[in-house]
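Peer 1: quick one, what's the 3D model for this:
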Amino acid sequence: RVAMAAQPPLIQGLPAQSGLASLATGSLPQGLPAIMTTSFPDDCLFMLIPPRYARLLSSFLMSIYMVTLMTFVITLVNTGLDSEFPARWWRAFYIAWPIAFILILTGVPVVQKLTSRLVRPG
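Peer 2: The predicted structure is shown next:
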């Protein structure tokens, strides 16, 4: 088992008090404007989306990822690559994406429950 260091190493060549070095250690740099140090808790300085939207964001990103790849590959295999390919692929994408988004949004909790019942504890 590998022991974890107490703090990540500082960026080489930067003094410990510099802003970049303090970001590497997970602390806030000194001298930031008040708005940058008080908008979010220290442990989520760069958080963009509130946590209550995590499931929605995850479903959105997963559906974009899966539909982009699947429609590209299936359209390519079924119709080949020619000058009309981007139009065919886009049509397949915009039809499939809303369906995939809703299925992922509603299906993931069910799949997670099923997985937790199938996986042996410990």
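Peer 1: going by C-alpha atoms from here, please, whenever you check contacts or count neighbours.
Peer 2: Noted.
Peer 1: list the buried residues of the helix or strand harbouring residue 106.
Peer 2: For residue 106, the enclosing helix or strand under DSSP states H and E is helix 85-118. Buried residues in helix 85-118, counted by 16 or more other Cα atoms under 10 Å: 89, 92, 93, 96, 97, 100, 101, 104, 105.
Peer 1: name the nearest residue to the fourth one, ignoring sequence neighbours.
Peer 2: In space, and not counting its chain neighbours, residue 96 is closest to residue 67: 6.7 Å by Cα to Cα, 6 or more residues apart in numbering.
Peer 1: what separates that neighbour from residue 103, distance-wise?
Peer 2: Here the criterion is Cα to Cα, to the nearest Å. By it, residue 67 lies 12 Å from residue 103.
Peer 1: with residue 96 instead?
Peer 2: 11 Å.
Peer 1: the helices in the chain, which residues?
Peer 2: 19-24, 34-38, 54-79, 85-118 (DSSP state H).
Peer 1: who does the longest one touch, helix- and strand-wise?
Peer 2: In this structure, helix 85-118 packs against helix 54-79, with contacts taken as 3 or more Cα pairs under 8 Å, 6 or more residues apart in numbering; DSSP states H and E.
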